[in-house]
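*Asks:* Predicted model follows, preceded by the sequence.
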Amino acid sequence: MSVSGRLASVAKLRELTAYIKPYRWFVSALFACLLAETAFEIAVRYSVRIVIDDAITPRDVEMLIRLLTALGAGGVVYIGFCLFTDYVWARISLLMIRDMRSVMFAHMQTLPVGFFARVAAGDLSQRFTADASRVEEGMLFGVPMGLLGILEVLVSLALMAQMSGWLLAVGAIGLAASFVLPNVLNVRALRAHYAFRNELGSLSGFVQQNIVGQSLVKTYNLDAKAQSDFRQRADRIVTTGVKSYFGSFLVQRTPSLLFLIVSVAMLGAGAILTMNGRLSIGEFVAVQTLFAGLSSGVGSVAWLLSSVIDTAAAYERMRDVLDATPDHPDPPGAVTLARLADQIEFDHVVYRQGRRHSAGLFGISATIRAGQYVAVVGTSGAGKTTLVNLLLRLLEPQEGRILWDGVDIAAASRRSLREQIAIVHQDVIVFDATLAENIRLGRLDATDDEVAVAAAVAQLTGLVKSLPDGLATRCGEGGRSLSGGERQRLALARALVRRPAVLVLDEATAAIDPANEAAFLRALQPLRGKTTIITVTHRIFMAREADLVLVMSGGRLVEAGRHHELLGLGGHYAALWQSRESATKERPADATA
């Protein structure tokens, strides 16, 4: 990323002020407390002059007692302000990060499926956890320390000006020098830290994939390769991390080193002015004390600069999600679709996949009547799943229309469309929750009885009865306590409890054995004629009982009709059926070989 881009990353931190607005009254009280804290700390340092010149030198015990009493009382109030400030800022920063995470999560729900194909799940989750936590730390610790440091610097310079203009000039020159070089280093350090956090996200995604794919790693003896790949990523983290942390250390340490040199000059100048009678002993000590406070303030501001680097890099990664282009929004005045009563029509639909103009769908026209059982068949890559994704509006046609009882679904709200469609995928998503909770995801307001009925229709009764807690049994992460067929029928129950007008089966039985497949298909029988069923499959035998078979090849609809009609044509479907028959006849021979 360019220098201007890195500077823009820092500038984007201004956007965080939008998250402060809901809590502006708390923030105002916080600033008032910070001012009070700074005022007391400076007053303690400045009081050295009064103690020496007005109490110790004239031996005025009464003055000394009054000063110490005032400072003690102020100290008690100061402690109260500190405690209040720490509590309020901790609460505000955590509320702001909660709001940021919520905004980012809500925006993520609007992103197209292509976004999740490009960004690894582990890297994406890292932006919600580690990156958001780093922004939180920057706000929780960096902002208060930086503000206190700035206030301390300004007030210290003002009090030094009252005692000596020469010393003020020396302090101001040192202050300017302390921040010019760090600002030059800041750009390079920010670039390095952004790369470092990206490598951390990459490692997180790799570890998550390894955890999910442990069965593959073990059965294919990939543990050595996995360790090698992990080490390579870990080495890249070391390389980028050294650049990142060294750059941050330079930005943080440089002001302190430069200011140390200025401190020697300040000590010498103050001593000369005191020897010439331009400063009293009390003023000399007070100036040095104030300058020490000034140095402390510079250190706090330097720490803030270092924190800004890390925070800006983390926030930039969060912005990558927030800046991602959302899915096509519903048009103004979007139509609410009624339950399907007549037909779904694909009208010359065209969808080209990215730059691969040879992949996609080309001029698809077909009509699916309500209540039909439709099989969409074809070899892998024929465009079957793309057709389903267009119906669900996970993708949008580039040409043509999809009509729902005569209404173009592009003019309808996605919610009203998807509320009427349920889908069962080949790869079933099962959450670490109970069977009932997983089924109820199909319709969150479903009653216990409705969940039980859906489970029964989906042929899950035997499983439920075999479990000690029945539907209240937890499935484990990814449904690890269930077999493949049980997970598939759980997904069907989830779809059925939705009471869909259209049930889509996307290669739903491709990964299960014949016995489980038979149980799955039996569960569909009560739905025939009542629910429009669209099964997308390369298993040609499932098309035999279909009311309509759509044959896809190369992104085109090449044939449509019933099983016996298509066999009579002697075309693509007949060839697919013949290859299936040949494979079935060869299996016994293969088995004995």
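*Replies:* Yep, that arrived. Only a predicted model underlies this, so the values are computations on that prediction, with no experimental measurement involved. Numbering: from 1, shown residues only.

*Asks:* For the rest of this, base every contact and every neighbour count on C-alpha atoms.
*Replies:* Noted.

*Asks:* And what about Ser481, helix, strand or coil?
*Replies:* The three-state assignment at Ser481 reads coil, by DSSP: H, G, I helix; E, B strand; the rest coil.

*Asks:* Just give the closest residue to it, not the sequence neighbours.
*Replies:* Once flanking residues are discounted, Ser481 sits nearest to Cys475: 5.6 Å by C-alpha to C-alpha, 6 or more residues apart in numbering.

*Asks:* pretty sure the one you found contacts Ile429?
*Replies:* No - Cys475 is beyond contact range of Ile429, at 11.2 Å (criterion: C-alpha atoms under 8 Å).

*Asks:* longest helix anywhere in this structure?
*Replies:* In the chain, with assignment by DSSP state H, the single longest helix is helix 223-275.

*Asks:* Off-centre distance for that one?
*Replies:* Here helix 223-275 is found 30 Å from its chain centre; the criterion is C-alpha atoms, centre = their mean, to the nearest Å.

*Asks:* Please apply the same query to stretch 17-37.
*Replies:* The answer for stretch 17-37 is 28 Å, by C-alpha atoms, centre = their mean.

*Asks:* and if you look at stretch 16-34?
*Replies:* 26 Å.

*Asks:* So for that stretch, could I get the coordinates as PDB, restricted to C-alpha?
*Replies:* The C-alpha coordinates for stretch 16-34 follow below in PDB (Å, rounded to 0.1, in the frame of the first residue of the first chain):
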ATOM      1  CA  LEU A  16     -14.200   6.300  15.400                       C
ATOM      2  CA  THR A  17     -15.700   9.600  16.500                       C
ATOM      3  CA  ALA A  18     -19.000   8.400  15.000                       C
ATOM      4  CA  TYR A  19     -19.100   5.700  17.600                       C
ATOM      5  CA  ILE A  20     -18.500   8.300  20.400                       C
ATOM      6  CA  LYS A  21     -21.600  10.400  19.700                       C
ATOM      7  CA  PRO A  22     -24.100   8.100  21.500                       C
ATOM      8  CA  TYR A  23     -21.900   8.500  24.700                       C
ATOM      9  CA  ARG A  24     -20.900  12.200  24.200                       C
ATOM     10  CA  TRP A  25     -22.100  13.200  27.700                       C
ATOM     11  CA  PHE A  26     -20.000  10.600  29.300                       C
ATOM     12  CA  VAL A  27     -17.100  11.600  27.100                       C
ATOM     13  CA  SER A  28     -17.600  15.300  28.200                       C
ATOM     14  CA  ALA A  29     -17.400  14.200  31.800                       C
ATOM     15  CA  LEU A  30     -14.400  12.200  31.100                       C
ATOM     16  CA  PHE A  31     -12.500  15.100  29.500                       C
ATOM     17  CA  ALA A  32     -13.400  17.300  32.500                       C
ATOM     18  CA  CYS A  33     -11.900  14.600  34.800                       C
ATOM     19  CA  LEU A  34      -8.800  14.400  32.700                       C
END
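
*Asks:* what comes up buried for it?
*Replies:* Within stretch 16-34, the residues scored as buried using 16 or more other C-alpha atoms under 10 Å are Tyr19, Ile20, Phe26, Val27, Leu30, Phe31, Cys33, Leu34.

*Asks:* circling back: show me which of Cys475 and Ile429 is the more surrounded one.
*Replies:* It is Cys475, of Cys475 and Ile429, that has more neighbours when counted by other C-alpha atoms under 10 Å, with 21 against 15.

*Asks:* what about the longest helix of the chain, average pLDDT?
*Replies:* Throughout helix 223-275, pLDDT has a mean value of 76.
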